[in-house]
Structure formats: structure tokens, C-alpha cells
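**Student:** Here you go, sequence then predicted model.
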Amino acid sequence: MTQTPLTAWIEGIGFLAPGMPDWPTARAILRGEQAWENAPSVLPAPAILPPAERRRASRVVKLTLAVGLEAAAHAGADVSTLATVFSASGADGHNCHAICEQLATDDRQISPTRFHNSVHNAAAGYWGIATKAMAPCQVICAYDAGFGAGLLDALAQVALDRQTTLLIAYDSEYPEPLFATRPVPDVAGVGLVLAPEKSERSLARITVQPSTAPAEAMADAELDVQRNAIPALRALPMLRRLANGEGGPVGVDYLPPMQLEIDLQPC
């Protein structure tokens with residue numbers, strides 16, 4: 001059976017990770033213009049949320065709003081019209097830890113805020129409240145393949161619906177003792193605005209197809225540790241090429257033994 005690669009145009013990028021609070025900082029680091037320093041991720045206050053929701057916002061909500069809004073602003077897109085795909089390896093690590101702690105006590109009553117933040121689509125719900133978006137929204141959980149699975153879903157929506165779609169791939173750390181089993185060290189996220197047609201804002205054409213080739217590693221050993229430790233950062237080799245305006249194929253981890261080959265053609 002002939003496989004048809006999925007294609008779209010990247011129009012905006014958002015990014016937040018340890019030592020890289022936004023895409024301009026990450027771009028400078030990935031270009032080699034600035035040294036990377038491993039510092040805790042800095043999460044901006046979600047000013048777009050109403051005060052009540054802002055007080056309840058978890059680290060995951062702050063993360064997804066930050067990278068999603070940055071990507072949309074970079075693309076000059078109206079957030080209320082964007083279809084969205086939220087993809088993560090798990091959910092809200094701190095909230096999960098707090099609920100487990102509460103259930104381990106004699107008082108097993110879970111607060112309503114904890115409960116509604118525990119569902120996997122909580123970040124997407126806060127996004128809808130903040131942006132008043134009524135466009136389609138998908139929420140995916142794919143463990144270490146979170147970035148690849150989200151990218152495939154977003155590209156499929158662009159191809160089928162011909163609608164500009166925002167991918168938000170993100171991950172949250174877990175406190176001990178969950179950290180010993182799932183050692184994600186910090187929050188990190190990537191936002192990509194993907195359009196069906198080329199425009200004056202297009203940064204590059206992206207084409208994705210299955211592959212068995214190994215994923216590309218980062219030349220910087222410390223950044224490669226981050227790539228392997230935080231599933232959303234499997235995107236780093238692709239982002240390095242975007243930052244440097246480089247074209248060509250790049251391998252990204254997916255569900256073994258399948259990998260993804262991402263071909264970039266800068267505009």
C-alpha cells in the first residue's frame with residue numbers, strides 16, 4: 001500500500017523548557033549564539049484567564065497556555081479560531097501526587113479543584129475558557145511518543161479539514177515517590193501552528209512519514225539528556241533545524257520500532 005506523507009506549513013512556534021523560557025531564547029541557544037544553562041522552567045502567570053481560574057491553574061495549565069499563546073502570537077493567529085491538539089506523555093504530575101497523598105490518609109475527601117484538574121483534558125479545558133475557542137480539540141496521551149503522536153494527529157487534521165491547527169505537546173514532572181518510576185525532571189512544552197496552505201507568515205513546509213531510521217541526537221550532550229528525559233523535547237532536533245533555517249530530513253522518536261522522518265523545507 002502506498003503511503004501518502006502528511007504535509008503542512010509551520011507558521012508559528014512556542015517553546016518553554018528548562019533554561020529556555022521562550023522560543024527566541026531557545027532559537028539563540030539552538031543556533032549556538034547563546035550557551036544553555038540548566039535552570040528550572042519558569043512558568044508565566046496566565047493573565048488571560050479570569051481571576052478564579054487563574055488561582056486554580058496548575059503548572060500544566062500555565063505551561064500549555066504559555067507555549068500555545070506564544071505560537072499563536074508568532075503566527076499572528078486568532079486563538080479563538082484555531083483547532084487544537086494537546087498531547088502529553090501523562091498528565092499533571094503534581095496534582096496526581098497530591099491526590100495520592102490525600103487518598104493515603106484517613107481523610108479521603110478530594111477537593112473539587114484537585115478533582116477537575118486530575119483529568120487528562122484539564123489543560124484543554126482551561127485553554128477553551130481562556131481563548132473562548134469553539135474549534136475542534138483533540139487530547140492525546142502517548143507516553144514517550146507524545147510529541148510524535150500529537151504531530152501526526154495535528155497534521156492529519158490539517159490535511160483532512162484544511163483548517164489551521166495548533167499543536168501543544170507538553171510534559172509535567174512528578175514529585176517523589178512517583179519520580180522514581182517516571183523520572184521527568186521538569187515541565188516543558190512545544191507549540192506549533194500548522195496551516196494547510198503557504199502564506200507570507202510561513203516559516204517552513206513540514207512533511208512527516210513513517211521511518212525505521214534512528215532518531216537524531218543533539219550535538220550538545222546536555223541538551224540531548226533533556227531530549228531523552230522529557231518526551232515533548234523529542235522535538236529538539238527538528239527545532240534546531242528550524243532555528244538555523246536548515247532543510248532536509250530529521251529522525252524523531254515515535255513508537256518503537258516505528259520512527260518518524262520529518263522533512264523540513266524553509267521558506
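**Tutor:** Here it is on my side, so go on. Numbers count the residues shown, from 1 in each chain.

**Student:** Give me the sheet partners of the longest strand seen in the chain and which way each runs.
**Tutor:** For the chain, the longest strand by residue count, based on DSSP state E, is strand 6-16. Sheet pairing here is set by DSSP bridges, and for strand 6-16 it gives strand 188-195 (antiparallel), strand 204-211 (antiparallel).

**Student:** Comparing these, which comes out most buried?
**Tutor:** strand 188-195 (a mean of 28; mean count of other CB atoms under 10 Å). The way it works is simple: take the backbone N, C-alpha and C, and place the C-beta from them, glycine included.

**Student:** Now do that one: distance to the chain's middle.
**Tutor:** 6 Å (CA atoms, centre = their mean, to the nearest Å).

**Student:** Tell me which stretches of the stretch 51-200 of the chain form helices.
**Tutor:** In the stretch 51-200 of the chain, the helices defined using DSSP state H, counting those that start in this stretch lie at 51-56, 59-75, 93-103, 112-118, 122-131, 146-161, 178-181.

**Student:** Residue ranges in the stretch 1-150 of the chain under the pLDDT threshold?
**Tutor:** Low-confidence segments of the stretch 1-150 of the chain, defined by pLDDT under 70: 1-3.

**Student:** List the contacts of the most centrally placed residue in the chain.
**Tutor:** For the chain, the residue nearest the mean C-alpha position is residue 169 (1.9 Å; CA atoms, centre = their mean). The contact partners of residue 169, taken as CB atoms under 8 Å, 6 or more residues apart in numbering, are 87-88, 146-147, 150-151, 189-191, 232, 235.

**Student:** change it to 10 Å
**Tutor:** Contact criterion CB atoms under 10 Å, 6 or more residues apart in numbering gives 64, 67, 85-89, 140, 142, 146-151, 154, 188-192, 231-235 as the residues in contact with residue 169.

**Student:** same thing with residue 171?
**Tutor:** For residue 171, the residues meeting the contact criterion (CB under 10 Å, 6+ apart) are 17, 60, 63, 87-91, 93, 144, 146-147, 182, 184-190, 229-233.

**Student:** residue contacts, the residue nearest to it when sequence neighbours are not counted?
**Tutor:** Of all residues beyond its chain neighbours, the one nearest residue 171 is residue 232 (4.7 Å), with distances taken as CB to CB, 6 or more residues apart in numbering. Neighbour list for residue 232: 15-17, 63, 67, 87-89, 146-147, 150, 168-172, 184, 187-190 [criterion: CB under 10 Å, 6+ apart].

**Student:** again, 7 Å this time
**Tutor:** For residue 232, the contacting residues are 146-147, 169-171, 188-190, by CB atoms under 7 Å, 6 or more residues apart in numbering.

**Student:** Distance-wise, check the residue nearest to the centre of the chain relative to residue 151.
**Tutor:** When distances are taken as CB to CB, to the nearest Å, residue 169 and residue 151 turn out to be 7 Å apart.

**Student:** Equivalent analysis for residue 160, please.
**Tutor:** When distance is defined by CB to CB, residue 160 is 15 Å away from residue 151.

**Student:** So which of these two has more stuff around it?
**Tutor:** Neighbours were tallied for residue 160 and for residue 151 using other CB atoms under 10 Å; the higher tally belongs to residue 151 (29 against 10).

**Student:** Look up how far residue 227 lies from residue 30.
**Tutor:** Residue 30 sits 12 Å away from residue 227, going by CB to CB.

**Student:** same thing with residue 215?
**Tutor:** 8 Å.

**Student:** and the two? which has more neighbours close in?
**Tutor:** The neighbour comparison of residue 215 against residue 227 (other CB under 10 Å) goes to residue 227, with 23 against 18.
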